[in-house]
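In: Structure for the following, please:
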Amino acid sequence: MLSILDRYFLRELAQTVAAVATVLLVIMAGSAFARVLQQVANGSFPASVMFQVLGLNMLDGLSNLLPLAGFLGVFWALGRMYRESEMHVLASSGMGPTGLLRPVGILALGLAVLSGIMSMWLGPWAARTSDALVANANRSVIAAGLDAGRFTTLPGKGGIIFVDSLSRDGSVLGNTLMVTERPGKENGPPVLKLVTGKSGQLYQDTSGDGRYLSLHDGWQYELPLGADNWRKMSYARNDASLSNVQNDDSDEDPAHTLDTIALSRVTNADARAELAWRVTVPLMAVVLMMLSLPMSKQTPREPRYGRMLLAVAAFFLYFNLLALCRGQIIKGHWHNAGPMWLVSLLVFAGAAWMFRNQYVARAPRKGKA
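Out: The predicted model follows:
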């Protein structure tokens with residue numbers, strides 16, 4: 001049964017953690033939106049699925065955001081209580097360290113469970129769903145940036161394309177006009193290539209990297225600029241490459257999209273590193289909550305943001321140590337999450353030692369003789 005004081009702490013801490021998580025989510029949304037917008041501009045996928053991909057990417061990033069939100073939220077809430085002398089009044093009324101550990105421990109357990117669900121299940125599911133959504137969209141002609149009734153620039157080809165109609169699923173084109181320009185032979189004038197077709201269809205090669213447009217029953221004109229040796233040819237089918245499917249995910253990790261059960265059966269280094277990170281995320285949430293307790297203690301006249309800089313530095317130091325351990329697993333030097341757990345346990349023990357020392361009664365100083 002929770003006491004009134006426990007409920008007060010839980011309410012204040014949970015509200016602050018939720019506020020910090022909202023702010024961090026907005027920051028992450030801005031960064032993710034810029035990246036997704038760049039991918040749309042490069043032709044990786046159509047704008048019609050942009051917000052769906054954005055939402056899935058944000059859901060995937062929650063596993064790393066929640067531990068940081070819990071750390072900063074508890075740090076900020078307790079720091080405010082210290083500056084406003086609430087903690088000093090409660091301590092003078094007989095509240096010991098256990099009175100603070102109980103509500104923080106409950107909140108840490110909840111965040112650890114939620115972070116574990118995000119890292120082991122929802123995050124990989126969001127990554128798989130996003131990849132499948134982009135792959136399905138790229139099979140549609142709309143993914144090439146085409147739209148009925150307007151001229152569209154061909155990425156990387158220096159030309160334009162116009163279609164008067166599109167099927168609802170974007171698989172069939174109506175009357176089509178495509179104009180491109182290529183250099184002339186032997187330093188000759190540039191050649192304007194004009195292709196018309198009564199119908200068309202977009203398809204990809206077997207690897208899914210190339211996007212091609214197949215036109216049917218039309219005419220092809222080759223017009224050297226500044227010359228009169230034009231060429232005209234009729235055709236039954238004319239295939240043209242539109243553009244390659246761009247992929248801006250230079251840090252793409254195939255192991256990240258696997259579910260945790262399937263990941264545990266894979267034995268390569270990338271899979272071991274991904275699994276080690278997933279099982280460490282819940283522990284990271286608990287460690288950061290413990291670290292926030294000693295770092296949040298402030299005096300009423302202490303600068304408001306002084307310790308915040310130290311807290312952020314401590315988080316990045318701990319996070320980079322875990323990332324370093326993950327890198328060693330990827331390189332094959334280590335084979336499991338043991339070093340990551342060891343680092344986490346050492347940080348937890350150090351934070352617990354600092355928190356205990358804050359409540360240990362100090363011997364009075366001896367006066368001068």
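
In: Next, count neighbours for R326.
Out: By the criterion of other Cβ atoms under 10 Å, R326 has 20 neighbours. In this view, the C-beta of every residue, glycine as well, is placed from N, C-alpha and C.

In: thinking it is in contact with A273, fair?
Out: Yes - here R326 lies in contact with A273, judged by Cβ atoms under 8 Å, at a distance of 5.0 Å.

In: Can you tell me the closest non-neighbouring residue to L192?
Out: Nearest residue to L192, sequence neighbours excluded (Cβ to Cβ, 6 or more residues apart in numbering): L223, at 4.4 Å.

In: That neighbour contacts L194, correct?
Out: Yes - A contact is recorded between L223 and L194 when judged using Cβ under 8 Å, the distance being 6.7 Å.

In: Same drill for these two, tell me which one is more crowded.
Out: The residue with more neighbours, out of L223 and L194, is L223; 19 against 16, by other Cβ under 10 Å.

In: ok so the more buried one is a strand residue?
Out: Yes - membership of L223 in a strand is supported by DSSP: H, G, I helix; E, B strand; the rest coil.

In: which residues in the stretch 51-200 of the chain form helices?
Out: Counting by DSSP state H, counting those that start in this stretch, the stretch 51-200 of the chain has these helices, from start to end: 86-92, 97-117, 123-138.

In: Put the alpha carbons of stretch 288-297 into PDB.
Out: C-alpha atoms of stretch 288-297 as PDB (Å, rounded to 0.1, in the frame of the first residue of the first chain):
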ATOM      1  CA  LEU A 288      19.900   6.000 -15.300                       C
ATOM      2  CA  MET A 289      17.100   6.400 -12.700                       C
ATOM      3  CA  MET A 290      19.500   5.300 -10.000                       C
ATOM      4  CA  LEU A 291      22.100   7.800 -11.300                       C
ATOM      5  CA  SER A 292      19.600  10.600 -11.200                       C
ATOM      6  CA  LEU A 293      19.200  10.400  -7.400                       C
ATOM      7  CA  PRO A 294      22.600  11.500  -6.300                       C
ATOM      8  CA  MET A 295      23.100  13.900  -9.200                       C
ATOM      9  CA  SER A 296      19.800  15.800  -8.500                       C
ATOM     10  CA  LYS A 297      20.700  17.000  -5.000                       C
END
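
In: By mean pLDDT, point me to the weakest helix or strand of this structure.
Out: Among the secondary structure pieces of the chain, namely its helices and strands, strand 151-154 has the lowest mean (mean pLDDT, DSSP states H and E), a mean of 74.

In: and that one, what does it pack onto?
Out: Other helices and strands packing on strand 151-154, by 3 or more Cβ pairs under 8 Å, 6 or more residues apart in numbering; DSSP states H and E, are strand 159-163.

In: Please list all residues in contact with W230.
Out: Listed by Cβ atoms under 8 Å, 6 or more residues apart in numbering, the contact partners of W230 are 221-224.

In: G70 too?
Out: Applying Cβ under 8 Å, 6+ apart, the residues contacting G70 are 17, 107-108, 111, 285, 288-289, 292.

In: give me that answer again for 10 Å
Out: Taking Cβ atoms under 10 Å, 6 or more residues apart in numbering, we find G70 in contact with 13-14, 16-17, 20-21, 104, 107-108, 110-112, 114-115, 284-286, 288-289, 292.

In: What subset of these is buried?
Out: The neighbour-count criterion (16 or more other Cβ atoms under 10 Å) marks 13-14, 16-17, 20-21, 104, 107-108, 111-112, 114-115, 284-286, 288-289, 292 among these as buried.

In: So which elements touch the helix or strand hosting Y318?
Out: The secondary structure element spanning Y318 is helix 306-330 (assigned by DSSP states H and E). The criterion is 3 or more Cβ pairs under 10 Å, 6 or more residues apart in numbering; DSSP states H and E, and the helices and strands that helix 306-330 contacts are helix 50-83, helix 269-295, helix 338-358.

In: Tell me which of those helices lies nearest to N238.
Out: Proximity of the helices and strands packed on helix 306-330 to N238 was assessed by Cβ to Cβ; the nearest stretch is helix 50-83, lying at 31.6 Å.

In: now the closest one and helix 306-330, what's the angle there?
Out: 130 degrees (axes from the mean of the first three to the mean of the last three Cα atoms, to 10 degrees).

In: Go through helix 50-83 and flag the buried ones.
Out: Judged by neighbour count (16+ other Cβ under 10 Å), helix 50-83 contains these buried residues: 50, 52-83.

In: returning to that earlier point: so the residue nearest to L192 makes contact with V195?
Out: No - L223 is not in contact with V195 according to Cβ atoms under 10 Å; the separation is 11.6 Å.

In: Between those two, which contacts overlap?
Out: Applying Cβ under 10 Å, 6+ apart, one finds that L223 and V195 are jointly contacted by V179.

In: returning to what we had before: how about CSV for the helices of the stretch 51-200 of the chain, with distance to S199 added?
Out: Written out in CSV, the entries for these read as follows (distance: least, Cβ to Cβ, whole Å):
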stretch, distance to S199
helix 86-92, 74
helix 97-117, 49
helix 123-138, 21
